[in-house]
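Engineer: Kindly return the folded structure for what I paste below:
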Amino acid sequence: MRFSFDKAACQNTRRALRKEWLLTNGLGDYASSTILYCNTRKYHGLLTVNTQYGRHVLLSALEESIVGGGKEFYLSTRQHPGTLYPHGHDYLEAFRLDQWPQCVYRVGDVRLCREALLVQGESQILLRWSVRGPTHVPPLTLRLHPLLAYRNFHKLTHANSGLCANTTPLPDGFSITPYEGLPTLYIQCQTSQGYSFTPQPDWCRNVEYLEERERGFPYSEDLFIPGTLDVFMPPLAEGKDDSCVYLAAGTKPCGQNLRQLWNDASRERTKAHKAGGGLAGHLSQAGQQFCVEGPSGRAEVLAGYHWFDAWGRDTLISLPGLTFHAGRTNFGLRVLADMGRHVKDGLIPNMFSPQGDHAYNSVDAALWYAFALQSCLEVDAGQLAWVRENAWPALKAIISGYRSGEGKARQLDIYVDAEGLLHAGNSHSQLTWMDAQANNTPVTPRQGYPVEINALWYNTLAFADQLATRFGEAPLTGDAALRRLRMVFFQRFWIHGGGGYLGDVWRAGKLDTSVRPNQIFAVSLPHAILPEEYQAQVVECVRNKLLTPYGLRTLAPDDPHYKGRYDGDPATRDAAYHQGTVWPWLLGHYADALLRTAWDIEGAALALLDTLTPLYCDHISQAGLGSISEIFDGSPPYKPNGCIAQAWSVAECLRLLLRMQKAAPAVYQRWQKLAAHRMAHPVIGDMAGVCRVSMILEGCKKHHNCAPEATPAPGSAC
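Structural biologist: A predicted model of the protein is given here:
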């Protein structure tokens, strides 16, 4: 999928500063900024590395300028108090994100292209510059000032005397180790005309991050400049491959030819890009960004970029879409095997610690483990032997641990009552996915018997009995007990009024009658706990009150506690997090429930795809380019918020597309063609510029409906 921003879109700084790109390398490292290369978050940076001490922003940015004929033209820009400086964005003609970000700048008759990519499996970013212009232009120099942050990505840094400013010369650059305990940064360049590096330690002060200010966090820091790197550009219009200038920045010295390294790295990304066509293929590729091998060698799923870690619940909800349905079965099995080894008293850690003191503070992570196994077998029934050998003991341990209610489970008030339902939590704990707290107080208290927890519990028990039969073992629960559980569940949670729906939490003999999306899991899971004759009413309730073009609301708008906007300081945002805010990840299970209850499959598929067209066609170029955000406002215009790329958003929205494609292939094909046309030909309502998105449809080798480029394709010089 290709995102092309024209000059007007690049010059509209108010909007351009909201468009963010992201590159990853499979290690948990990333590079990310806005299309102007102006960082608006403390999490932005050209090289953020995943260390055993957490992720750290090493290289925040480069101050870039072109020097020639006695003049200097800046290409970079930053936010300082009250102003953008320098004004490099004034020269930005076009931005394109295909496999990697590409910028085209024009200064007079000279056109310069900058490209950047991360090397897969290495903590190293490569940048490439190429210049075109008439031969009478005097010799040009690319002047670079590296801006180093060298801090944990959750924090900010300021000028200090503890930083070691010494640089070590290299044959093609320099290295620097600003702080003991953090990696050395190696900066190396390659050009046919040579370079010079002049150590000039200094601080770039008062760099501001607009997004942090809006989110109510500290937003100003100082960045360290080790010196000036002058790279002499090849003669203009030479038209050869070696007319490009390359720069590598990483935690190890680069011992190979940078041009060859670029060609190898770009070839791998291009191959992966061409492998997947259509929206599903694109989201499958985007899902790769979350699948990493951390510093300890564990296979992990990062919950979201930029600031989320690898969490048990998020991992297991995301795993089906990111791995089994996306053709990454081996990675998914590695994660499941690792999770199974950490079962304790029936629980799976929600947060993993390098020191081994994992946080067992989730009631549903272990239950999502069962669903991940079901998804694995749904895609590849041949993995049954693997499940028996590697996951069956863990699944039995989960069930027995919940039933015994000992150890960690007892500490969290997790137990099975006399009627078979699962209880979880107390007034001080938040054990479900709706776990936000404001001022140390749960925003959505859900201790007791949450509806989706018991739907997951029933699904786990029924699935375990199914496996036991396949493995020639006695059932762990039995049909009679499962029938009783379904009956008790219905008696406690069903509400006959309002068209019929399920309450949210049974607590102390009373039912919370709030209309929330958690009820959908009683219909969507492979073994549905709700009797079939009532399932359509739940889907209808969710569709009428919670479905939006971007996901499901977490609370019905007619509820007095509904919050339609997710903004303000951290406490205000947390108070709205699950009180109406829209979550895209819920769409996967909504689609499962819809297809289970629909009498007209094609009609239901078409209606849902039409409803979600803004999510798949418009949002994909609104925030994190090519990805799906964590959340949206509950009320129109449904502003995206939270993480710009969320694992379970991408995973479940992908799984939804695959379900629609399988259930109604003709409907899906027609819709996708219309979606491709809509993205390639956006409606222009003002003069603020436009982003055209083109994609390769399944079975095609060219981008579909790609509008002509306003300028030569960025990077064409090389």
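
Engineer: Could you use CA atoms for every contact and neighbour count after this?
Structural biologist: Fine.

Engineer: helix or strand right after the one helix or strand L279 maps to?
Structural biologist: Assigning secondary structure by DSSP states H and E places L279 in helix 278-287. Following helix 278-287 in sequence order, the next helix or strand is strand 291-293 (DSSP H and E).

Engineer: pLDDT averaged over that next one - what is it?
Structural biologist: Mean pLDDT, strand 291-293: 96.

Engineer: which helices and strands does it pack with?
Structural biologist: strand 299-301 (3 or more Cα pairs under 8 Å, 6 or more residues apart in numbering; DSSP states H and E).

Engineer: which of the residues in stretch 6-14 are buried?
Structural biologist: 6-11, 13 (16 or more other Cα atoms under 10 Å).

Engineer: What are the contacting residues of that stretch?
Structural biologist: 15-16, 35-36, 89-90, 92-95, 687-691, 710 (Cα atoms under 8 Å, 6 or more residues apart in numbering).

Engineer: out of those, which are buried?
Structural biologist: 16, 35-36, 89-90, 92-95, 688-691.

Engineer: Against L587, how distant is the nearest residue to V582 once chain neighbours are set aside?
Structural biologist: Closest residue to V582 apart from its sequence neighbours, by Cα to Cα, 6 or more residues apart in numbering: R553 at 4.2 Å. Here the criterion is Cα to Cα, to the nearest Å. By it, R553 lies 10 Å from L587.

Engineer: same check, this time on D109
Structural biologist: Distance from D109 to L587, by Cα to Cα: 50 Å.

Engineer: Just list the residues touching I225, thanks.
Structural biologist: Neighbours of I225 in contact, by Cα under 8 Å, 6+ apart: 145-148, 200-204.

Engineer: swap that for S318, sorry
Structural biologist: 301, 647-648, 651-652.

Engineer: how about 6 Å then?
Structural biologist: Contacts for S318 (Cα atoms under 6 Å, 6 or more residues apart in numbering) come out as 648, 651.

Engineer: can you tell me how far it sits from C10?
Structural biologist: Distance from S318 to C10, by Cα to Cα: 34 Å.

Engineer: before we move on, what about R96?
Structural biologist: R96 is 11 Å from C10, by Cα to Cα.

Engineer: One more: L412?
Structural biologist: In terms of Cα to Cα, L412 sits 51 Å off from C10.

Engineer: Low-confidence regions, the stretch 251-400 of the chain specifically.
Structural biologist: Within the stretch 251-400 of the chain, the segments meeting pLDDT under 70 span 272-276.

Engineer: where exactly do the helices run in it?
Structural biologist: 258-275, 278-287, 312-322, 329-341, 365-379, 384-390, 392-404 (DSSP state H, counting those that start in this stretch).

Engineer: who wins for proximity to Q188 among the ones you listed?
Structural biologist: helix 258-275 (8.9 Å; Cα to Cα).

Engineer: Residues touching that closest one, excluding its own?
Structural biologist: V119.

Engineer: which residues in the stretch 601-718 of the chain form helices?
Structural biologist: Under DSSP H, counting those that start in this stretch, the stretch 601-718 of the chain gives helices at 601-611, 613, 647-663, 665-680.

Engineer: and the third one, what's its mean pLDDT?
Structural biologist: Helix 647-663 shows an average pLDDT of 98 in the prediction.

Engineer: Might you report the residue contacts of A528?
Structural biologist: With Cα under 6 Å, 6+ apart, A528 has these contacts: A522.

Engineer: how far out from the middle of the chain is stretch 620-635?
Structural biologist: 10 Å (Cα atoms, centre = their mean, to the nearest Å).

Engineer: what does the model give the residue of the chain most remote from its centre for pLDDT?
Structural biologist: Computed with Cα atoms, centre = their mean, the residue of the chain farthest from its C-alpha average is H136, at 47.0 Å. Listed pLDDT for H136 reads 85.

Engineer: Quick check: which element contains it?
Structural biologist: H136 belongs to no helix or strand, assigned by DSSP H and E.

Engineer: rewinding a little: quick one: which two of the buried ones among the contacts of stretch 6-14 are the most distant?
Structural biologist: D90 and C691 (17.9 Å).

Engineer: ok, the buried ones among the contacts of stretch 6-14 vs Q120, which is closest?
Structural biologist: Using Cα to Cα, the buried ones among the contacts of stretch 6-14 come closest to Q120 at I35, 21.9 Å.

Engineer: which residues does the closest one contact?
Structural biologist: Contacts of I35 by Cα under 6 Å, 6+ apart are K19.

Engineer: And for T329?
Structural biologist: T323.

Engineer: Send me stretch 381-399 as CSV with only the CA atoms.
Structural biologist: This file holds the C-alpha atoms of stretch 381-399, laid out as CSV (Å, rounded to 0.1, in the frame of the first residue of the first chain):
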residue,chain,number,x,y,z
ALA,A,381,-6.0,-28.9,12.3
GLY,A,382,-2.7,-30.6,11.8
GLN,A,383,-1.3,-28.8,14.9
LEU,A,384,-3.4,-31.1,17.2
ALA,A,385,-0.4,-33.2,18.0
TRP,A,386,1.6,-30.0,18.9
VAL,A,387,-1.3,-28.8,21.1
ARG,A,388,-1.4,-32.1,23.0
GLU,A,389,2.4,-32.1,23.6
ASN,A,390,2.9,-28.4,24.3
ALA,A,391,-0.4,-26.8,25.4
TRP,A,392,-2.7,-29.4,26.7
PRO,A,393,-1.0,-29.6,30.2
ALA,A,394,-1.2,-25.8,30.5
LEU,A,395,-4.9,-25.7,29.5
LYS,A,396,-5.7,-28.3,32.2
ALA,A,397,-3.6,-26.4,34.7
ILE,A,398,-5.6,-23.3,34.0
ILE,A,399,-8.9,-25.0,34.6
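
Engineer: What residues sit buried inside that stretch?
Structural biologist: Buried residues in stretch 381-399 (16+ other Cα under 10 Å): 384, 387-388, 390-392, 394-399.

Engineer: Can you lay out the residues you listed as a markdown table showing distance to A61?
Structural biologist: Shown next, in a markdown table, are those (distance: Cα to Cα, whole Å):
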| residue | distance to A61 |
| --- | --- |
| L384 | 49 |
| V387 | 46 |
| R388 | 50 |
| N390 | 45 |
| A391 | 45 |
| W392 | 48 |
| A394 | 46 |
| L395 | 47 |
| K396 | 50 |
| A397 | 49 |
| I398 | 47 |
| I399 | 50 |
